[in-house]
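In: Sequence first, then the predicted structure:
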Amino acid sequence: MEYKIVERSAPGREKVEVLGETYEEGKPDSEDLGRWRQKLTSREEKLKYLQTGERYLYGKDWYGSEKRKNPA
Amino acid sequence: MVEKENKSIDQATNEMIEKAASDGCSVVFDRAESMKPCPIGSVGSCCQNCSMGPCRVPLTKGKEETPEAKKKRRGVCGATAETIAARYFARMVASGTAAHSDHARKVTETFLAVARGEAPGYQIKDEQKLLQLALDLGVEISERSNEEIAIDIGEIAMKEFGRQEGEILFLKRAPLKRQELWRKQGVTPRGIDREVVEIMHRTHMGVDQEYKSLLKQAVRTSLADGWGGSMIATELQDVMFGTPAPVLGRINLGILREDEVNLIIHGHEPQLAEMLAVVAQDPQIVEYAISKGAKGINLAGMCCTANEILMRHGIPLAGNFLQQELAIVTGVLDAIVVDVQCIMQGLADVAQCYHTKVITTDSRARIEGAMHIEFDEHNAAEIARDIIRTAIDNFPNRSGSIRVPKQETDLIAGFSHETINYLMGGLFRASYRPLNDNIINGRIRGVAGVVGCNNARVTHDSAHVAMVKELIKNDVLVLQTGCSAMACAKAGLMVPEAAAEYAGEGLASVCEAIGIPPVLHLGSCVDNARILVAATMMVKDGGLGDDVSDLPVAGAAPEWMSEKAISIGQYFVGSGIFTVFGVNWPTLGSKGVTDFLFKDFEEMYGGMWAFEADPIKAAQLMIEHIDKKRKALGIDKARDRILYDMEARRELDAA
């Protein structure tokens, strides 16, 4: 893949050259392409994801901003 | 020469309004012109609750009301202008809640039928969402089958409608502080139907005649919608049809095809639409369409049923609320199939001018002059086939005036809470942390939910698009649902490229990093429940306060029309979100009621209503509120970043 370099300005300094986007151009042409939930296949994986990805609701050891309070 | 005023900012809409006129067909825009809204009823100063009336108690325009004049503003029974306005408002909330919740009840019935194996053609598509609901509702998972778990979930969900005491179960998802506040204010809903019925009782002649008491029940009822009916509908639909994930779609009347059988599904409930989407691809039915001279079948959506099948399948959207009759005006629409809500009776009249068949499918929503094919989830595929064959059979009947506008725009939809969480952190680190961090560092100023309908009293789509452009220009990330989302999609705001073109530098940089548009489509109007969940997750992730009312967020419905919009707005407000409505405000006839909703609610619920017809000014009100919240959180000013060396660290430790 050919890398693209683009110029970007940043606060308090001159314009700098940085690596540009690395995704492929074009539009997804299948409704399946955006589907990420199918990556989790077993029930165990799905429950594990709920405990980590949705940890504030289903995690046992992490309550986010409400950790200091009683669990919901 | 006087320049002709456009009815819409959308060219396809204006083109079809002109075509309708030249075809001698009257549409909603013409009816709105010939019938002006009643100035007394529109501000809640007309009471029709008994046959001693209707009693009209209009506020004298242009001068301060004297105590004597105020005393005279009473109905025959003695009801004050405050009572009359509050009853009107509360009934709007009850009706909106009833609509969303009856939708949810129907979805729950289908869900149970699917779980029991009585609805062939449907299945449990999203096991993960099923498990999530099992955890929420305390249903045993262990080694049980999905169907066994689903039966328990469906039965618990069904009981939520008729629950008589306690608290509706999804309230537990809200931030803890919010739950405490609801209990303290006495607005925790006991059951969905109970709260709606209680409003109808309280607003009956001679019952609750204290406006603050009526409005308290309105809050309670609306929470039974947002955290009850709407949330049940969204969650169960996700289990059956899949939790939305990013998908490419197209929108506007240009998606209709002259050489194909065009079939539009319009309304709100997705059960039939899901089956139509499957059956329309059946080779036998496609072959049948070809046998009638068509090149294929073009299934499209309108209003919120459209949003449902767009979010899950990428099926194109023909347009939003005010375009429903105009799809018929193209002359190429072979059938418009409707389920429930936001379906104009005018469809049947417009269809008389063309060949289109209007097909009602739900016994709760019949239209005189329309064909009726009753939908039944137990026999869904056969009914869907029957409907599509009816559309195909009508294809050869096209005659006369045909014109399909060219306009169609790409959009990316499918931003459920789950997907937003995933997009910001990936499968192993799913999180709202990047959003909260970027709000704290100021790249994103805040988040706005801009939702709601179209309204023929304002230029079609104009307020939605103007407001949203103003918000994203000021680095406010916008979440959308319903017809509002469709308006902005048509304006090209729902593709990632829109960030560079329309968003402020900070918001654009975040959108570019994640790869999302600056305006996210979250689905249909029951999916406003997804916005509640997203706001809750922002709170729980930390750094932005302990409650939704602490967040730099705001809500709006700049072109609202339906009672459902009032219910949605009220549960936003009751959940702690400042919410601005446009067009008109239904309690302006009473200063007391309006002040209570606009001012006192802030002290009680942390969120309050506002009314501003100008969408730019309304956006500025939202930004002001966001800035107020940023200030309260202490994130209103950029702080100097200090890099400590070891010596400085030692000094800190010593101190």
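Out: Looks like it arrived, so ask away. Numbers count the residues shown, from 1 in each chain, chains lettered A, B, ... in the order given.

In: Low-confidence bits of the chain, can you list those?
Out: Answering for chain A, as no chain was given. Where chain A drops to pLDDT under 70, the residues are A:1-2, A:22-33, A:62-63, A:67-72.

In: Hmm, no, I was thinking of chain B.
Out: Scanning chain B for pLDDT under 70 picks out B:1-4, B:638-641, B:653, B:655.

In: Need the three-state assignment for the spatially most central residue of it.
Out: The centroid of chain B falls nearest to residue B:525 when counting by Cα atoms, centre = their mean (2.3 Å). Classification of residue B:525 by DSSP: H, G, I helix; E, B strand; the rest coil places it in coil.

In: what's the distance between it and residue B:104?
Out: Separation of residue B:525 from residue B:104 (Cβ to Cβ, to the nearest Å) stands at 12 Å. Heads up, the C-betas are built off the backbone N, CA and C, glycines and all.

In: so what's in contact with the two at the same time?
Out: Jointly contacting residue B:525 and residue B:104 under the rule Cβ atoms under 8 Å, 6 or more residues apart in numbering or on different chains are residue B:230.

In: list the buried ones in the longest helix along chain B?
Out: Longest helix in chain B by number of residues (criterion: DSSP state H): helix B:81-115. By 16 or more other Cβ atoms under 10 Å in any protein chain shown, the buried positions in helix B:81-115 come out as B:81-108, B:110-115.

In: Return the distance of that helix from the chain's centre.
Out: Between the centre of helix B:81-115 and the centre of its chain there are 14 Å (Cα atoms, centre = their mean, to the nearest Å).

In: Please identify the helix or strand for residue B:576.
Out: Using DSSP states H and E, residue B:576 sits in no helix or strand.

In: Could I get the contacting residues of it?
Out: Taking Cβ under 8 Å, 6+ apart, one finds B:178, B:181, B:547, B:548, B:549, B:550, B:551, B:605, B:606, B:607 in contact with residue B:576.

In: So which of the residues you listed are in helices?
Out: Per DSSP H, the contacts of residue B:576 map to helices at B:178, B:181, B:605.

In: Looking at neighbours, which among those is most surrounded?
Out: residue B:178 (25 neighbours; other Cβ atoms under 10 Å in any protein chain shown).

In: Leaving out chain neighbours, which residue sits closest to it?
Out: residue B:547 (5.2 Å; Cβ to Cβ, 6 or more residues apart in numbering or on different chains).

In: tell me, how many neighbours does the residue in the stretch 151-300 of chain B positioned nearest to chain A end up with?
Out: Nearest residue of the stretch 151-300 of chain B to chain A: residue B:246, at 3.6 Å (Cβ to the nearest Cβ). Using other Cβ under 10 Å, residue B:246 is surrounded by 25 other residues.

In: tally of neighbours for residue 12?
Out: Picked chain A for this. Neighbour number of residue A:12 under other Cβ under 10 Å is 5.

In: Please refer instead to chain B.
Out: 26.

In: my read: it touches residue B:253, true?
Out: Yes. Contact between residue B:12 and residue B:253 holds when scored by Cβ atoms under 8 Å: they sit 4.5 Å apart.

In: Which neighbours do those two have in common?
Out: With Cβ under 8 Å, 6+ apart, residue B:12 and residue B:253 have common neighbours B:319, B:323, B:326, B:405, B:407.

In: Run a quick check on residue B:245 versus residue A:39, I expect a contact.
Out: No. With contact defined as Cβ under 8 Å, residue B:245 does not reach residue A:39; the gap is 10.7 Å.

In: between the two, who's got more neighbours?
Out: Legend: neighbour count by other Cβ under 10 Å for residue B:245 and residue A:39, higher for residue B:245 (23 against 10).

In: wait, what's in contact with that one?
Out: Residues near residue B:245 by Cβ under 8 Å, 6+ apart: A:34, A:35, A:36, A:37, B:414, B:416, B:419.

In: Isn't the fourth one up against residue B:243?
Out: It refers to residue A:37. Yes. Using Cβ under 8 Å, residue A:37 is in contact with residue B:243, at 6.2 Å.

In: quick one, which of these two is more surrounded?
Out: More crowded of residue A:37 and residue B:243, by other Cβ under 10 Å: residue B:243, with 25 against 22.

In: what about that one, which SS state?
Out: coil.

In: List phi and psi for it.
Out: phi -70, psi 130 (degrees, to the nearest 10).

In: again, but for residue B:265
Out: Residue torsions, per degrees, to the nearest 10, at residue B:265 are phi -110, psi 130.

In: Next, count neighbours for it.
Out: 32.

In: repeat for residue B:458
Out: Residues near residue B:458, counting by other Cβ under 10 Å: 21.

In: residues contacting it?
Out: B:558, B:559, B:582, B:583, B:613.

In: Could you do residue B:539 as well?
Out: Contacts of residue B:539 by Cβ under 8 Å, 6+ apart are A:65, B:175, B:545, B:546, B:547, B:548, B:550, B:551.

In: what's the closest of those to residue B:349?
Out: residue B:548 (44.1 Å; Cβ to Cβ).

In: Return the distance of that closest one relative to chain A.
Out: 12 Å (Cβ to the nearest Cβ, to the nearest Å).

In: what are the phi and psi values for the residue nearest to that residue when sequence neighbours are not counted?
Out: Leaving aside its sequence neighbours, residue B:548 sits nearest to residue B:576 (Cβ to Cβ, 6+ apart; 3.8 Å). Phi and psi for residue B:576, reported as degrees, to the nearest 10, are phi 110, psi 20.

In: can you pull the contacts of the closest residue to residue B:496 other than its chain neighbours?
Out: Among residues not flanking residue B:496 along the chain, residue B:517 sits closest, at 5.3 Å (Cβ to Cβ, 6+ apart). For residue B:517, the contacting residues are B:412, B:493, B:494, B:495, B:496, B:498, B:499, B:511, by Cβ under 8 Å, 6+ apart.

In: Give me the subset of those lying in strands.
Out: residue B:412 (DSSP state E).

In: which element is the closest residue to residue B:276 other than its chain neighbours on?
Out: In space, and not counting its chain neighbours, residue B:276 is closest to residue B:384: 4.9 Å by Cβ to Cβ, 6+ apart. Element membership for residue B:384, per DSSP H and E: helix B:380-394.

In: where's stretch B:505-514 relative to the chain centroid, distance-wise?
Out: So, by Cα atoms, centre = their mean, the centroid of stretch B:505-514 is 26 Å from its chain's centroid.

In: Quick one: residues contacting the spatially closest residue to the residue nearest to the centre of chain B that is not a sequence neighbour.
Out: Residue nearest to residue B:525 in three dimensions, not counting chain neighbours: residue B:482, with 4.5 Å by Cβ to Cβ, 6+ apart. By Cβ under 8 Å, 6+ apart, the contact set of residue B:482 is B:303, B:304, B:307, B:320, B:451, B:452, B:453, B:524, B:525, B:528.

In: again, 10 Å this time
Out: B:268, B:303-304, B:307, B:320-321, B:342, B:450-454, B:464, B:521-528, B:557, B:560, B:562, B:564-565, B:568 (Cβ atoms under 10 Å, 6 or more residues apart in numbering or on different chains).

In: swap in residue B:523?
Out: Residue B:523 neighbours (Cβ under 10 Å, 6+ apart): B:234, B:237-238, B:244, B:304, B:307-308, B:310-312, B:413-416, B:480-482, B:485, B:529-531.

In: sorry, back to before: where's the residue nearest to residue B:525 relative to chain A, distance?
Out: Counting by Cβ to the nearest Cβ - residue B:482 and chain A are separated by 21 Å.

In: any idea how far residue B:305 is from that residue?
Out: Look at residue B:482 and residue B:305: by Cβ to Cβ, they are 11 Å apart.

In: Give me the common contacts of these two.
Out: With Cβ under 10 Å, 6+ apart as the test, residue B:482 and residue B:305 both reach B:268, B:342, B:524.

In: what comes up buried for the longest helix along chain A?
Out: The single longest helix within chain A, with elements called by DSSP H, is helix A:43-53. Buried residues in helix A:43-53, counted by 16+ other Cβ under 10 Å: A:46, A:47, A:49, A:50, A:52, A:53.
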